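Asker: After the sequence you'll find the predicted model.
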Amino acid sequence: MSDKGRVESPDTGGRLRRLRSLLEGHRIDAVLVTDIKNIRYLAGFTGSSAYLVVTVDTGYFITDSRYAGQAALEVKGFRIRQCRKALDLIKEIVASLKVKRLGFESNNLNYAAYLKVRKALKGVRLKPTPGLLTGLRAGKDRFEAQRIRDSARLLDSGYEKAEEFLRPGVAEKTAALEIETFLKRAGADAMAFDTIVASGLRSALPHGKASDKKIRKGELVVLDMGVCLNGYNSDETRTFGVGRPSLKLREIYDVVRGAQELAIEKVRPGVAAKEVDSAARARIEKKGYGGFFGHGTGHGVGLDVHEAPTIGPASRETLEEGMVITVEPGIYVPGLGGARIEDMALVVRGGCEILTRTPKDFLCL
């Protein structure tokens, strides 16, 4: 998207309307939103402590004195209320709205907190609504797509810089630190997750966080990292060769790349998410490595680095325009090594836009 088409502010009003249209179908009068990422999504608030109460025609934003000024600047579409004890104010608001059935985020509210809410809201039926906001957030609007695009571009610059640090004799942790320092100086708010630098036999560990091991010639190095920029995450993996890896390791890389290409070809609106996984998995199985690919092929990315939809054998979602997913098949052979290649794809009309652009030709450092 060009700068001319850039959307400078989130459409929180549109998001609220979509949420309200779902309340009746869930047979609730209101929903209590406690997940801070969902609060940012609906209200535009970038702080770390708040609650929302949303009905079909009104909404309350609840926070404490630390965030009152920030809320006044950021929050749109809600009546802002400040309090010392949030639960007391939630009780007051729910009673004033005559709410009888209140939805709550059961995937976010822990059991101890749930018991406190239940005790405070006697006479109100609490109904779990774990997928209410999850489904809404799966499809990104133009504002979100551009923010994720920006995050992916910054991440690509980190991969370009990484080639300087993934050298024989360099410890994985040292390489990770150098890359992360570059990305933070370049503008990243934070890393999206602990950077994975897994070399040699450790490349067969799908989540091999950077260790004290030193990179050696003849190895594969899996680099998996992401950044958070302006609240939105990116996620990308590349596998590099150091020196001249064996023909077997090169074969593993080639199989993974072919599997990823087939999976990406499947990404378009209307396709079942599990079909994307099946395309990659079938290729890997055909080449004799089916027993060494144990995870799903991808996941959604946005305000959280892992969110809906899931891309795996048991996925039930159907891809829709606006979804941002990863496509990341891998092969991990214990005692030998492994490879993974991951890109982010924005589902668009007729196909997808690849947001991560680091080259995937096999590169020996």
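Answerer: It's in. Numbers count the residues shown, from 1 in each chain.
Asker: CA atoms only for stretch 34-54, dumped as CSV, please.
Answerer: This file holds the C-alpha atoms of stretch 34-54, laid out as CSV (Å, rounded to 0.1, in the frame of the first residue of the first chain):
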residue,chain,number,x,y,z
THR,A,34,-10.7,-7.8,30.1
ASP,A,35,-8.0,-8.8,27.5
ILE,A,36,-5.9,-5.6,27.1
LYS,A,37,-5.2,-6.4,23.4
ASN,A,38,-9.0,-6.6,22.8
ILE,A,39,-9.4,-3.3,24.6
ARG,A,40,-6.9,-1.7,22.4
TYR,A,41,-8.6,-3.2,19.3
LEU,A,42,-12.1,-1.8,20.3
ALA,A,43,-11.2,1.5,22.0
GLY,A,44,-7.7,2.5,20.7
PHE,A,45,-6.2,2.5,24.2
THR,A,46,-2.5,1.7,24.3
GLY,A,47,-2.1,1.5,28.1
SER,A,48,-1.9,-1.6,30.2
SER,A,49,-4.8,-1.5,32.6
ALA,A,50,-8.5,-1.1,31.7
TYR,A,51,-11.9,-2.8,31.3
LEU,A,52,-14.8,-2.4,28.9
VAL,A,53,-18.5,-3.0,29.3
VAL,A,54,-20.2,-3.1,25.9
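Asker: Can you point out the buried residues in it?
Answerer: 34-36, 38-47, 50-54 (16 or more other CB atoms under 10 Å). Where C-beta positions appear, they are placed from N, C-alpha and C, glycine not excepted.
Asker: now, which of these lie within strands?
Answerer: Tyr51, Leu52, Val53, Val54 (DSSP state E).
Asker: now the residues you listed as CSV including distance to Ala113 and pLDDT?
Answerer: What follows is those, written out as CSV (distance: CB to CB, whole Å; pLDDT from 0 to 100):
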residue, distance to Ala113, pLDDT
Tyr51, 11, 98
Leu52, 15, 98
Val53, 15, 98
Val54, 18, 98
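Asker: Any idea how many residues pack against Arg81?
Answerer: 18 (other CB atoms under 10 Å).
Asker: Repeat that for Ser234.
Answerer: Neighbour count for Ser234, taken as other CB under 10 Å: 29.
Asker: From Ala68, how far off is the closest residue to it other than its chain neighbours?
Answerer: Counting by CB to CB, 6 or more residues apart in numbering, the nearest residue to Ser234 once its immediate chain neighbours are dropped is Ser151, at 3.9 Å. With distances defined as CB to CB, to the nearest Å, the gap from Ser151 to Ala68 amounts to 30 Å.
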